[in-house]
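**Q** Please find the sequence and the predicted model below.
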Amino acid sequence: MEYDTITLVIEDGLAVLTLNRPEKMNALNTRMRAEMADAVGRAGQEARVVVMTGAGKAFCSGQDLGDRVNADNIDLERTLRDEYEPLLRAIVDCPVPVISAVNGPAAGAGANIALAADVVIAAQSAYFLQAFSRIGLIPDAGGSYILPRAMGLPKAIGAAMFAEKITAEQADAWGMIWEAVPDAGFEEHWRARARHLANGPTLSYREIKALMRASLANSFEEQIALEARTQGALGRSHDYSEGVRSFLEKRKPTFEGR
């Protein structure tokens, strides 16, 4: 697929997916959702870490309402099921770590797509906004699932009802995201974080993603059983052997993802 609304650069194990409609604050339309899903799937096979970020001043302002206004017979259920769900699944199921580098405002579906990533790093000037109730809707694009787990039920309900901006520093303090960092040097910071993961044990990272997400639905007994099975499999991997050898030999490990 040739991309019109995003760019994808894969180099040295790092894939950078940039939402590229800066004149629209990177608002999501049908084309962008399809391109993002395709790019995340491709990057998950060709890279060791994926970063999503935005061109210009915004990360993503959410659904392009102009795109909906100009279409006939809008079916929001179909849009979510056929266009947003494949994108969210691509992010969640990606076999390598996915980082959201939130460089500016992330609103509506844009906020929830950012929060679907494994690690969210935000510039201090960025903010998150659940704008749905302003137009008579509920949080979608996975928001009703992600928000209570990311920020707790009371904060999630308040964020959805009041539709107020949540600053990057608030999101950091509430545990919504991994970290908020100064605007100066923001790109250098997230690139350093991404390189760290790209050089790490991607097999371990894949299982961390799966294990942590499974814990949200599992009982304690189910989770510790899954934990034991997963650790047993990792204990037979090359990366575990390499990790132990490098520790004993006091050298930097070389992980191969197997």
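**A** Noted; the coordinates are in hand.
**Q** need the strands for the stretch 151-258 of the chain, in chain order.
**A** For the stretch 151-258 of the chain, the strands defined by DSSP state E, counting those that start in this stretch occupy 166-167, 179-181.
**Q** Of all the ones you listed, which one is nearest Leu87?
**A** Leu87 lies closest to strand 166-167 among the strands of the stretch 151-258 of the chain, at 22.2 Å (C-beta to C-beta). Backbone N, C-alpha and C define where each C-beta goes, glycine included.
**Q** Worst mean pLDDT across the helices and strands of the protein, which element?
**A** helix 65-69 (a mean of 69; mean pLDDT, DSSP states H and E).
**Q** Run through who's touching whatever helix or strand comes next after that helix.
**A** Moving toward the C-terminus from helix 65-69, the first helix or strand encountered (DSSP states H and E) is helix 76-79. The contact list for helix 76-79, computed with C-beta atoms under 8 Å, 6 or more residues apart in numbering, reads 137, 140.
**Q** Can you list the buried residues in the helix or strand immediately after helix 76-79 in the chain?
**A** Using DSSP H and E, the helix or strand that follows helix 76-79 in sequence is helix 85-93. Buried positions in helix 85-93, judged by neighbour count with 16 or more other C-beta atoms under 10 Å: 86-88, 90-92.
**Q** OK, contacts around the spatially most central residue of the chain?
**A** By C-alpha atoms, centre = their mean, the mean C-alpha position of the chain lies nearest to Ala117, the distance being 1.7 Å. For Ala117, the contact set (C-beta under 8 Å, 6+ apart) comprises 52, 91, 98-100.
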